[in-house]
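J.: After the sequence you'll find the predicted model.
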Amino acid sequence: MNAYNYGFLDENTKKEIRRKTLKAIAIPGYQVPFGSREMPIARGWGTGGLQLTLAITGKKDVLKVIDQGNDDSVNACNLRELISRSCEVDTTVDTLKATVIQTRHRIPEERMSADQVLVFQVPQPEVLRTVEPSEQETRRMHAERDYSRMWVHLYEDIVKWNEIRISYDYPVLVGSHYICDPSPIPRFDVPKLHQADTLFLFGAGREKRIYAIPPHTDVVPLQFEDFPFTVESFEGGCEKCGSKNTYLEESFDRNSGERHYYCSDTSYCGKKQQEAEGETVSIGAEWHE
Ligand SMILES: [Zn+2]
C-alpha cells in the first residue's frame, strides 16, 4: 500500500472528518454534513463508516469489522482488509480485544468499554425522511424540535396494527433534544445505546452526514405510555451455543425445510461454544447487567 497515504484518505480529508466528528460529539444526535469522498467501494456498501474508521484509526488500534454481527461475510472481510492494510493495524474477531469496531446493523452482544469506539455504517441518516421529503424542512424540524409528525406517524401505526411496527431504524431521542436514526440495528440493540461507556459514531457516505452518541448520553426510544417500546424476544435460544439472551438469526435449511436459530454475533457464539467445551475464554458482560 506504499502508493497510498496512511489511512488511504489524504491528510486534509482526515482532518475534515475528525473536525466534523468532534462537532458531532459536541452536539449529540445532530447530523453534521461532511465532504464524503469517492471510496474504492460503491456508495451504499459502508463508505460513510469506512471514512470515519480510516480517519480515527491509528497504528496502535486493533480493528474488528462486522456485518450483521458476522466477522466472516464478504463485505466485512473486504473492509477489514482495506482498513488493516492502509492503517497498518492488527485485526481481531474478539469484541473485547478491539479498540475500533466498524459495524453494519448490529451492536456486539458483549458490553463495550470507554476505551472502544463503535462506528456504524448508515444508509439513511435522516430519521424524519419517512414523514418529510424536503431536507430544508427536516433541518427546520430538528432545529425547532418540531417532531409532531413523527409522533403522528407512530400513532398511525398503532391505529392500523395495534402496535408500533418499526423493526429497525427505530427512532430514538438523543440527549433530550434530537430525534435520531440509530442505523438499521434491530430493536433488540437500541437499549444498548442508552448511557453506554462507549462512543458511538455514525457515518453515512452517500448522504454525506456524520453524527454521534457520546458516552453517558440518554438515548430513549420514542414510545407512548400505553404502548411502550419493546424488543424482539426469542423462544428456545441459540441452537449452537444455547444462549437465551442474544439476538438470533433464522437460517432456513432447503434440504430438510427446517428453520434454525443461531446467534447473529458469531464471535460471541463461538466463545460460548468454547466455554461449553471446557476451554477458558473471557466473555464480556451484558450491556445492562
Ligand atoms: Zn449462539
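T.: Thanks, I have the structure now. Numbering: from 1, shown residues only.
J.: The worst-scoring helix or strand of the chain on mean pLDDT: partners in the sheet, and parallel or antiparallel?
T.: In the chain, no helix or strand scores lower on mean pLDDT, DSSP states H and E than strand 248-252, which sits at a mean of 93. Sheet partners assigned to strand 248-252 using DSSP bridges are listed as strand 259-263 (antiparallel).
J.: mind checking how far the strand it pairs with is from the chain centre?
T.: Put simply, strand 259-263 sits 22 Å off its chain's centre (Cα atoms, centre = their mean, to the nearest Å).
J.: just checking, what packs against the following helix or strand past it?
T.: For strand 259-263, the following helix or strand on the C-terminal side (DSSP states H and E) is helix 266-276. Identification of packing neighbours for helix 266-276 by 3 or more Cβ pairs under 8 Å, 6 or more residues apart in numbering; DSSP states H and E yields strand 259-263. (Glycine included, C-beta is placed from N, CA and C.)
J.: secondary structure class for G278?
T.: What DSSP: H, G, I helix; E, B strand; the rest coil gives for G278 is coil.
J.: To what extent is it buried, counted in neighbours?
T.: Neighbour count for G278, taken as other Cβ atoms under 10 Å: 6.
J.: pLDDT value on it, please?
T.: As predicted, G278 sits at a pLDDT of 95.
J.: buried ones in the least confident helix or strand of the chain?
T.: 248-249 (16 or more other Cβ atoms under 10 Å).
J.: Without its sequence neighbours, what residue ends up closest to P40?
T.: Of all residues not flanking P40 in the chain, L82 sits nearest, at 7.0 Å (Cβ to Cβ, 6 or more residues apart in numbering).
J.: quick one: the one you found and the ion, what's the gap?
T.: To the ion, L82 is 29 Å away according to Cβ to the ion, to the nearest Å.
J.: Quick check, central residue of the protein?
T.: For the chain, the residue nearest the mean C-alpha position is F120 (3.8 Å; Cα atoms, centre = their mean).
J.: ranges for the strands of this protein?
T.: With DSSP state E, the ranges of strands along the chain come out as 32-33, 62-67, 90-91, 100-104, 117-121, 172-174, 178-180, 199-204, 209-213, 219-221, 248-252, 259-263.
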